[in-house]
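The following block contains a protein sequence and its predicted model.
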Amino acid sequence: MRKLLLILMVTCLSVSPTAAQAPASGKSATTWKCTPPSPANALPVGDAPNHMYVIEQIKCTATKGEIAGVKQTEGTATEFVDATGDKSKGHGVFVETLANGDKGFYSYTFTGNSKNKVIVSGSNNWTLTGGTGMLKGAKASGTCAAKGSPDGGMTFDCTGTYTLAK
């Protein structure tokens, strides 16, 4: 009996470090509720009617979503928009805060459609470029679909995959 117990202990000890070293990975599904851009600074380009460059910031709150069991709480997007009429494209950085205080830094590109200067729909592709705590050294990427609201805010439904660093 002692021999069997010793074999089990040795087996557990030899397996545990390997399991502990394996990085956590998974899928994410997050919904972000975002305010209208503020501040938003638009400059006419002058080369075509209704062509503007815009720099804006957007505050968001996660209504659902987590990474490796830690709830996503809030984020701020700072972006550059190239808008012509009702079409826009651009890029930005999203800084996310998790419930434990860790932060993720995401780079993204986007396209959008608006009506009467209010976003109607859009999409983006994002990549995690850095972070703190559990997101330091992590890899993640995915996409979001955006739907505008009459007040100029937006809701983003985002999906992706992640792998935490060892």
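Received the coordinates, thanks. This is a predicted model, so every value here is computed, not measured. Numbers count the residues shown, from 1 in each chain.

what's near enough to touch the residue nearest in space to the middle of the chain?
For the chain, the residue nearest the mean C-alpha position is Y106 (5.8 Å; Cα atoms, centre = their mean). Contacts for Y106 (Cβ atoms under 8 Å, 6 or more residues apart in numbering) come out as 93-96, 126-129, 140. Placement of C-beta: from N, CA and C, glycine included.

Let's see that with 10 Å instead.
Going by Cβ atoms under 10 Å, 6 or more residues apart in numbering, Y106 touches 75, 77, 92-96, 124, 126-131, 135, 140-142, 158, 160.

cool, and D47?
Contacts of D47 by Cβ under 10 Å, 6+ apart are T84.

if I look at it, how far off is M154?
Going from D47 to M154 by Cβ to Cβ, to the nearest Å gives 28 Å.

Okay, and the beta partners of the residue nearest to K147 when sequence neighbours are not counted?
Excluding the flanking residues, the one nearest K147 by Cβ to Cβ, 6 or more residues apart in numbering is T155, at 5.2 Å. Under the criterion DSSP bridges, T155 forms beta bridges with K33, K147.

next one: Q72
Beta-bridge pairing for Q72 (DSSP bridges): L98.

That one: neighbour count?
Neighbouring residues of Q72 were enumerated by other Cβ atoms under 10 Å; the total is 23.

Hmm, it is touching G65, no?
Yes - counting by Cβ atoms under 10 Å, Q72 touches G65, with 4.3 Å between them.

Overlap in contacts, these two.
Both Q72 and G65 are in contact with 28, 30-32, 96, 98, 158, where contact means Cβ under 10 Å, 6+ apart.
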